[in-house]
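Asker: sequence first, then the predicted structure, then my questions.
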Amino acid sequence: MQGEQRARTIFLVLWTLITAVKLVVAARLPLFVDEAFYWQEGQHLAAAYSDLPGLTAWLARLGVELGGQHVLALRLPFLAIGAMLPWLVSRIATRWFGAVAGWQAGSLTLLMPLSATLGMLAVPDVPMALAAVLCLDAGARLLRTVDAAAAVKLALGLMIGALSHYRFIGVILVGFIVLLLLPQGRRTLRDPRVWVALAVGVLAWLPLLAWNADNQDAGLKFQVVERHPWAFQWSGLWFLVIQPMLVTPILCIAMWKVALAGTRSGGGARAQWRYFGLVGAVSTASIFALGFFTDVERISFHWPLPGYLALLVAVPVVLNGWPRWLRRTGWWLAGAGLALAFGYYLMVSTPALREQLAGDKYYPRNFAGWQPLAHAVREELAAMPPGTRVLAGNFKVAAELGFQLDDPRIEVLRHPLNDKHGRTAQLGLWGLLHDGQRDAPMLLVLSPSDQRYRDLLERYHAVCAQVGPLPPPRVVSQDHGYQRFLLFRLPATRTEGPCVTPAMAWLDTPQPDAEVGDSVQIRGWAFKDGVGLSRVEVLVDGRPATTAVYGRPYDVTGFWKISSDPQHPNVGFDATLDTRGLAPGRHWLGLVLHGNDGSVETWQEQALVVPGR
């Protein structure tokens, strides 16, 4: 009884503290771009969408309807589901392994970083995890005896999963395979009540199937074919490396012991023990194998979570058989992993801390800069004629601005990014794909940070082809320019003429984070298609430092073949920067590019280090 009371107290304390921290972080954390698009889908209620079934959008709509236009309100339904999951896991473990193991399983669900942070973002993995746990519970109960309550729970889980994500098909396949592997499972599948539950689950896929039937299978093609290379790639090894870090190493070892135990048929093991182990083993092994062939560009580290939740149910039994020092180390490592996960989200939500990641490949661009952008857009709209509409360069900008401005009807230019994320078909159904023609002024908002630099000039020319020559932009720069937006006031009627693009630049020297002496030589190139540049100004920490000599011979047309700057090949610049007046430490070197059309564009900054003297 003392062990049970202690385990229960630990669970309740952890649940209260972690839920409170999640609420605070969720209220501060800027909206992720996918969350913004789910909000936009929720403002256009439908049975299904191009990228997902309907449940995620419905939950997002429910949140803002109840709590108003705020990130915390949007995330509240997802936070509620995330807070519910540890209780469900605890209840499952209690039923089969006793109260102490049950409370411990719930506590581990609260500590494991992947499950602990669930719900802080309004994403489909949250309801999908709930569906997986409901099906897991129902399956374990059905192995013992088939009754109406277990069948109803199975049907409910299958329905929620079908309305959450295409990936839930994998959860269904795993469950079906495991039931076939177990004698009790094969007996269960012969009961008609189970097939009635399965039939209810199948019916829940009908809205998604109907959407695909009406739209040339656009969603299905994207999720199954277009987003994945389906060719072996060694980068899949990173998936195997990062997973033990995301679930913490000792907990990972314990889960794999549960998985291995599930594959053994001897020893009189209880059917449910084998069931949890097999579900986790088949699920995680399948996802690890697919990691070598599927999409590695988008975030996928959360995919094994349903399998991990199955393994967590039995993990306390394994841990309690280990030496005390090893058990404690596992618990403390899980807590440290959770602290690091929360620390990352707190850093992302704190501008001064997020700025420290500028220039790093892990810079959280999809969280950054949206509120300053919305502020600038409001200022520009106030200065433009009444009736001016916003035109976004891609779906990310439209969705994030839409949430900030409470306008789900922002039009979007055609962009490869819309196709890459499976959103083009949905934007077309909403009538928000802009063809470039206009009969009123528009404020065009581009996000060059979303484009690979080598493709940026081509993108600018594509925008010119759609809307005409671009006027001088207003630059909105965040975190030393690692998140940049360009705002263009487009006149009511399209003008014709040579393509005028934003400026392009590159620093050859110094290299990023270079340590410099009393002076540093600055060399590079810059150009602006259509009109050219008049001068290049050098900034240090956002303040003018010197003016570069611009117009040196530097032929870049071998790479930028389509460039139409009239000053080619004389687009090089150089300057000497005196650093003796700078304090030791890290400083930021920037450029201001002055166009012959009167444009003034700040460029992305680059770090340099002044050593101590």
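Answerer: Looks like it came in fine.
Asker: okay, CA-based contacts and neighbour counts for the rest of this
Answerer: Will do.
Asker: which of the helices or strands spans the residue nearest to residue 158 when sequence neighbours are not counted?
Answerer: Leaving aside its chain neighbours, residue 158 sits nearest to residue 201 (4.7 Å; criterion: Cα to Cα, 6 or more residues apart in numbering). Counting by DSSP states H and E, the element that carries residue 201 is helix 192-203.
Asker: would you mind measuring from residue 318 to residue 105?
Answerer: Using Cα to Cα, to the nearest Å, residue 318 is found at 11 Å from residue 105.
Asker: before we move on, back to that, test my guess that the residue nearest to residue 158 contacts residue 159.
Answerer: Yes: with contact defined as Cα atoms under 8 Å, residue 201 reaches residue 159; the gap is 4.9 Å.
Asker: where does this structure dip in pLDDT?
Answerer: Residue ranges of the chain with pLDDT under 70: 1, 265-269, 295-300, 613.
Asker: quick check: domain ranges of it?
Answerer: 2-215+233-341, 377-497, 503-613 (automatic domain parsing).
Asker: the ones you listed: which one's closest to residue 361?
Answerer: domain 377-497 (10.5 Å; Cα to Cα).
Asker: ok, the residue nearest to residue 158 - contacts?
Answerer: Each residue near residue 201 by Cα atoms under 8 Å, 6 or more residues apart in numbering is listed here: 155-159, 162.
Asker: one more pass at 10 Å, please.
Answerer: Applying Cα atoms under 10 Å, 6 or more residues apart in numbering, we find residue 201 in contact with 154-163, 172, 195.
Asker: what's the answer for residue 552, then?
Answerer: Here residue 552 is in contact with 524-525, 568-574 (Cα under 10 Å, 6+ apart).
Asker: excluding chain neighbours, what is closest to it?
Answerer: Of all residues not flanking residue 552 in the chain, residue 572 sits nearest, at 4.5 Å (Cα to Cα, 6+ apart).
Asker: before we move on, the earlier item: need the domains of the chain in TSV (columns: distance to residue 363).
Answerer: Below are the domains of the chain laid out as TSV (distance: least, Cα to Cα, whole Å):
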stretch	distance to residue 363
domain 2-215+233-341	13
domain 377-497	8
domain 503-613	14
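Asker: looking at these, which is nearest to residue 371?
Answerer: Nearest of those to residue 371, taken as Cα to Cα: domain 377-497 at 7.1 Å.
Asker: centre of the chain to the closest one, how far?
Answerer: Distance of domain 377-497 from its chain centroid, counting by Cα atoms, centre = their mean, to the nearest Å, is 21 Å.
Asker: span of it from start to end?
Answerer: Note: domain 377-497 ends 27 Å apart using Cα to Cα.
Asker: same question, stretch 263-271
Answerer: By Cα to Cα, the extent of stretch 263-271 from end to end equals 11 Å.
Asker: who's in contact with the residue nearest to residue 580 when sequence neighbours are not counted?
Answerer: In this structure, residue 580 finds its nearest non-sequential neighbour in residue 518, 5.2 Å apart by Cα to Cα, 6+ apart. For residue 518, the contacting residues are 577-582, 610-611, 613, by Cα under 10 Å, 6+ apart.
Asker: of these, grab the buried ones for ChimeraX.
Answerer: Remark: buried members of these, expressed as a ChimeraX selection using 16 or more other Cα atoms under 10 Å:
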select :577,579,610
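Asker: now, the contacts of residue 518 that are in strands?
Answerer: Among the contacts of residue 518, DSSP state E puts 577-578, 610 in strands.
Asker: can you lay out the residues you listed as CSV showing distance to residue 146?
Answerer: Listed next are the ones in strands among the contacts of residue 518 as CSV, based on distance: Cα to Cα, whole Å:
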residue, distance to residue 146
577, 79
578, 80
610, 72
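Asker: now, among those residues, which is nearest to residue 113?
Answerer: Of all these, residue 610 has the smallest distance to residue 113: 38.2 Å, by Cα to Cα.
Asker: now do the end-to-end distance for stretch 142-155.
Answerer: End-to-end for stretch 142-155, by Cα to Cα: 12 Å.
Asker: pull out the buried positions in that stretch.
Answerer: 142-143, 146, 150-155.
Asker: tell me which two of those sit farthest apart.
Answerer: In the buried residues of stretch 142-155, the most distant members under the criterion Cα to Cα are 143 and 155, with 15.6 Å between them.
Asker: need the contact list for residue 51.
Answerer: Contacts of residue 51 were listed using Cα under 10 Å, 6+ apart, and they are 38, 165-166, 208, 218-220, 222-223, 421-426.
Asker: ChimeraX command to pick out the buried ones of those?
Answerer: For the buried members of the contacts of residue 51, the matching ChimeraX selection, counting by 16+ other Cα under 10 Å, is:
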select :38,165,166,208,218,219,220,222,223,421,422,423,424,425,426
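Asker: quick one: which of the contacts of residue 51 sit in helices?
Answerer: With DSSP state H as the criterion, helices contain 38, 208, 218-220, 424-426 from among these.
Asker: just put those residues in a markdown table and tack on distance to residue 306.
Answerer: A markdown table is the format used below for the ones in helices among the contacts of residue 51 (distance: Cα to Cα, whole Å):
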| residue | distance to residue 306 |
| --- | --- |
| 38 | 22 |
| 208 | 22 |
| 218 | 26 |
| 219 | 23 |
| 220 | 22 |
| 424 | 29 |
| 425 | 29 |
| 426 | 28 |
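Asker: of the residues you listed, which is the nearest to residue 547?
Answerer: With Cα to Cα as the yardstick, the closest approach to residue 547 among these comes from residue 424, at 44.0 Å.
Asker: hmm, residue 411 and the closest one touching each other?
Answerer: No: counting by Cα atoms under 10 Å, residue 411 is not a contact partner of residue 424; they are 11.8 Å apart.
Asker: hey, what's in contact with both of these two?
Answerer: By Cα under 10 Å, 6+ apart, residue 424 and residue 411 have these common neighbours: 394-395, 432-433.
Asker: let's see if you can find the most crowded of those residues.
Answerer: In terms of neighbour count, residue 395 stands highest of the shared contacts of residue 424 and residue 411 at 28 neighbours, by other Cα atoms under 10 Å.
Asker: check contacts around that one.
Answerer: Under the criterion of Cα under 10 Å, 6+ apart, the neighbours of residue 395 are 33-34, 36-37, 401, 410-415, 417-419, 421, 423-424, 427, 432-433.
Asker: kindly recompute the last result at 8 Å.
Answerer: Going by Cα under 8 Å, 6+ apart, residue 395 touches 37, 412, 417-418, 423.
Asker: cool, and residue 132?
Answerer: Residues near residue 132 by Cα under 8 Å, 6+ apart: 157, 161, 171, 306.
Asker: how about the strands in the stretch 301-450 of the chain?
Answerer: Using DSSP state E, counting those that start in this stretch, the strands of the stretch 301-450 of the chain run over residues 389-392, 411-413, 433-434, 442-446.
Asker: quick one: residue 573 and residue 527 touch, right?
Answerer: No: using Cα under 8 Å, residue 573 is not in contact with residue 527; the gap is 10.3 Å.
Asker: looking at these two now, which is surrounded by more residues?
Answerer: Taking other Cα under 10 Å, residue 573 and residue 527 do not tie; residue 527 has more neighbours (31 against 23).
Asker: how close does the more buried one sit to residue 458?
Answerer: For residue 527, the distance to residue 458 - Cα to Cα - is 14 Å.
Asker: sounds good, over and out.
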